[in-house]
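*Asks:* the sequence isn't on hand, but the structure is:
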């Protein structure tokens, strides 16, 4: 008796599933996401490209200026300003003792440099002395400038 009850239940479930499947087949299809009627297919030949995108554009010819009379300064005019004596701009952050040598930490152009006595900070600018409180730098013209240790930075 239990077998027949199970068979009827299975048949009812099968019939219900078939009914749902048949109802789904009759339902209208949802609207597509892409409107195919707006696509232009096979409308003719594709025009050739305007330029090859993998080649650089040709540069315009340089403009040629005609030569004119040269302009010379009047004699006895103002002399050009002398070059600045010491153009190096650094901040001395402090020093470290390592292997019997004192190494100074210098901030130049946003970069921290470690320099010792005799090292060059920039072309023509040589470190002459390093102490815990200051660093002495000699410029290209032989002038010396002392940079004191800056305060604590955040």
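*Replies:* On my side now, so go ahead. Quick caveat: nothing in here was measured; it's all calculated off a predicted structure.
*Asks:* which residues touch stretch 105-122?
*Replies:* If you take Cβ atoms under 8 Å, 6 or more residues apart in numbering as the criterion, stretch 105-122 is touched by 88-96, 101-104, 126-130, 135, 137, 147, 150. The way it works is simple: take the backbone N, C-alpha and C, and place the C-beta from them, glycine included.
*Asks:* run the last query once more with 6 Å
*Replies:* By Cβ atoms under 6 Å, 6 or more residues apart in numbering, the list of residues contacting stretch 105-122 from outside reads 88, 90-94, 101, 103-104, 126-127, 130.
*Asks:* quick one: which of those is nearest to residue 75?
*Replies:* Among the contacts of stretch 105-122, residue 88 lies closest to residue 75 (Cβ to Cβ), at 36.1 Å.
*Asks:* so that closest one sits against residue 125, correct?
*Replies:* Yes - between residue 88 and residue 125 there is a contact at 4.9 Å, judged by Cβ atoms under 6 Å.
*Asks:* okay, these two: which has more neighbours?
*Replies:* residue 125 (19 against 16; other Cβ atoms under 10 Å).
*Asks:* look up how far residue 102 lies from that one.
*Replies:* Residue 125 is 18 Å from residue 102, where distance means Cβ to Cβ, to the nearest Å.
*Asks:* for this protein, which spans come out with low pLDDT?
*Replies:* 1, 23-27, 42-43, 58-63, 73-74, 76-85, 152-154 (pLDDT under 70).
*Asks:* okay, which residue is most central for it?
*Replies:* For the chain, the residue nearest the mean C-alpha position is residue 110 (16.7 Å; Cα atoms, centre = their mean).
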